[in-house]
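Undergrad: coords please:
(3 chains)
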Amino acid sequence: MKRLLPMPWHSVMLIAVWLLLNGFSYGQLVLAVILAWLIPILTYPYVRGHAPVKKPLAMMTYSLRLLYDIVVANVDVARRVVLPNRYLKPGWLAYPLSMTEPFPVTLLASSVSLTPGTVSVEFSEDRTCLYIHVLHLEDEKELQAFIFKRYEQPLKEIFGC
Amino acid sequence: MTSLNNLAVYSDYFVAALLIGGALFMLVGSWGLAKLPDFYTRLHAPTKASTLGMGATLLGSLVWFSVQEESLHIHELVISIFLFLTAPVSAYMMGKAAIHRRRPMAEGTRNAEEAERAAERKGINDRDD
Amino acid sequence: MLSNVIMICTGMIGLAMLFCLWRLIKGPDITDRILALDTLYINSIALIILLGLYYGTALYFEGALLIAMLGFVSTSAVAKYLLRGDIIE
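TA: Numbers count the residues shown, from 1 in each chain, chains lettered A, B, ... in the order given. This next block holds a predicted model:
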């Protein structure tokens, strides 16, 4: 089983994307199934395992909330861009990470980049610290608490780490 | 039949609103790219505003084609998901390149010493598998 | 009505691309130019989508998808080159 179908979720995703791109027909479905079977077998040796998702449902709510946050944050950023430059207060924030698994940390960094006026730029060497550039920095503590409560806490729950 | 025509009319307005909104966001993003004072603030405009603008435009296109051809037309969804996945990654790469090149920051940037500490990080080529 | 709206949107995105071009020419550093190119390719995807809407054909999506993929790969490749070229050599 492990050798024939090493990454079942990747296979499902490949079928879905192939059918989305080419439209549904039975011929395409056969082609999608063949590709979804072959590609994971060929690429499995290069994939390093990552932390498994423990709570898929929480992942769904997290993605939906992220989508909402993206819209809100974009309106905010657009407003700040339109205002004159002298009202901007850019700044840096060294955000202390409380998890070490690469995959959840990547998700956290991407979420931070897509949402409230922040872009994650670099990790510290020992991966305990995420350097974030903030377009408009009012209060470091408050922003840190906000990121922790809204993104890091749910991610820790989802991945159980 | 009339209800279908009504749907087409309403969807026209909806698509028009989405397209105008998307184009407006992209315009703001690019304007920010042109006017903001330093590289790091410029990084914000394209990664956020342009991505959302793209999302709105693609959604408009999705709705229009779905109503026109009276079947769900989801190609655009793949592009927008792809853009939402790649925007933070490319922003991270460009920000990292800039921070290690020690690009100057705008006046009044707070906690600039944090960026200095980040730039001193060694061994960015070492992959720790 | 929709074709007029599409024309207006095309104008706005053209203006956005001009802003990107200005940043591309002005610089002042290569990282700014990469950022300008990155924004330029995102804008060009929007332009292609609008063209597809104007002509009412779905054929342009393949082009948009290709630009999206090539744009991302080239942006990250150039950024990676900057990091390596500057620090190792």
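
Undergrad: show me the contacts for residue B:50.
TA: B:25, B:26, B:29, B:30, C:39, C:42, C:43 (Cβ atoms under 8 Å, 6 or more residues apart in numbering or on different chains). The way it works is simple: take the backbone N, C-alpha and C, and place the C-beta from them, glycine included.

Undergrad: repeat the analysis, applying 6 Å as the threshold.
TA: Counting by Cβ atoms under 6 Å, 6 or more residues apart in numbering or on different chains, residue B:50 touches B:26, B:29, C:39, C:42.

Undergrad: state the distance from whichever residue of chain A sits closest to chain C to chain B.
TA: Across chain A, the shortest distance to chain C (Cβ to the nearest Cβ) belongs to residue A:21, at 7.8 Å. Distance, residue A:21 to chain B, using Cβ to the nearest Cβ, to the nearest Å: 6 Å.

Undergrad: how about that residue, nearest residue that isn't a chain neighbour?
TA: Spatial nearest neighbour of residue A:21, chain neighbours left out: residue B:78 (6.1 Å); criterion: Cβ to Cβ, 6 or more residues apart in numbering or on different chains.

Undergrad: ok, the one you found touching residue A:19?
TA: No - counting by Cβ atoms under 6 Å, residue B:78 stays clear of residue A:19, with 10.6 Å between them.

Undergrad: among the contacts of residue B:50, which lie within helices?
TA: B:26, B:29, C:39, C:42 (DSSP state H).

Undergrad: buried subset of these as a ChimeraX selection?
TA: Those of the ones in helices among the contacts of residue B:50 that count as buried under 16 or more other Cβ atoms under 10 Å in any protein chain shown are selected in ChimeraX with:
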select /B:26,29 /C:39,42
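
Undergrad: okay, the ones in helices among the contacts of residue B:50 in TSV with distance to chain A and pLDDT next?
TA: As requested, the ones in helices among the contacts of residue B:50 are exported to TSV (distance: Cβ to the nearest Cβ, whole Å; pLDDT from 0 to 100):
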residue	distance to chain A	pLDDT
B:26	10	89
B:29	8	87
C:39	13	89
C:42	14	89
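
Undergrad: next up, the contacts around residue A:40.
TA: A:6, A:7, A:10, A:11.

Undergrad: let's see it at 8 Å
TA: A:5, A:6, A:7, A:10, A:11, A:14.

Undergrad: same question, residue C:69
TA: residue B:82 are the contacts of residue C:69 under Cβ under 8 Å, 6+ apart.

Undergrad: recalculate using a threshold of 7 Å.
TA: Going by Cβ atoms under 7 Å, 6 or more residues apart in numbering or on different chains, residue C:69 touches no other residue.

Undergrad: flag every buried residue along the helix or strand encompassing it.
TA: Assigning secondary structure by DSSP states H and E places residue C:69 in helix C:60-88. Under the neighbour-count criterion of 16+ other Cβ under 10 Å, helix C:60-88 has C:60-61, C:64-65, C:67-68, C:71-72, C:75-76, C:78-79, C:82-83 buried.

Undergrad: swap in stretch A:134-151?
TA: Applying 16+ other Cβ under 10 Å to stretch A:134-151 flags A:134, A:135, A:136, A:137, A:140, A:143, A:144, A:147, A:148, A:150, A:151 as buried.

Undergrad: how about it, does it get close to chain B?
TA: Yes - with Cβ under 7 Å from any Cβ of the partner chain as the criterion, chain B is reached by stretch A:134-151 at A:135, A:137.

Undergrad: and that stretch with chain C, contact?
TA: No - under the criterion of Cβ under 7 Å from any Cβ, chain C is not reached by stretch A:134-151; the shortest gap measures 14.8 Å.

Undergrad: give me the neighbour count for residue 21.
TA: By default, I'm working from chain A. By the measure other Cβ atoms under 10 Å in any protein chain shown, the count of residues near residue A:21 is 16.

Undergrad: should've been chain B
TA: Neighbours of residue B:21 (other Cβ under 10 Å): 17.

Undergrad: look up the closest residue to it, ignoring the ones flanking it.
TA: Per Cβ to Cβ, 6+ apart, closest to residue B:21 is residue B:56, 5.0 Å.

Undergrad: pLDDT at the one you found, what is it?
TA: Residue B:56 is assigned 89 on the pLDDT scale.

Undergrad: how close does it get to residue C:9?
TA: Note on residue B:56: its distance to residue C:9, by Cβ to Cβ, to the nearest Å, is 10 Å.

Undergrad: these two: which has the busier surroundings?
TA: Between residue B:56 and residue C:9, residue C:9 has the larger neighbour count (other Cβ under 10 Å), namely 28 against 24.

Undergrad: contact partners for the more buried one?
TA: Contacts of residue C:9 (Cβ under 7 Å, 6+ apart): B:19, B:20, B:23, C:50.

Undergrad: please see if the host helix or strand of residue A:158 touches chain B.
TA: Per DSSP H and E, residue A:158 falls inside helix A:153-159. No - Helix A:153-159 does not reach chain B (Cβ under 7 Å from any Cβ); its nearest approach is 14.6 Å.

Undergrad: who does that helix touch, helix- and strand-wise?
TA: Applying 3 or more Cβ pairs under 7 Å, 6 or more residues apart in numbering or on different chains; DSSP states H and E, one finds that helix A:153-159 makes contact with helix A:56-82, helix A:102-114.

Undergrad: tell me how far the longest one is from the chain's mean position?
TA: How far helix A:56-82 lies from its chain's middle: 12 Å, per Cα atoms, centre = their mean, to the nearest Å.

Undergrad: who are the packing partners of the helix or strand following that helix?
TA: The helix or strand immediately downstream of helix A:56-82 is strand A:91-96, counting by DSSP H and E. Contact here means 3+ Cβ pairs under 7 Å, 6+ apart; on that basis strand A:91-96 packs against strand A:129-134, helix A:140-147, helix B:112-119.
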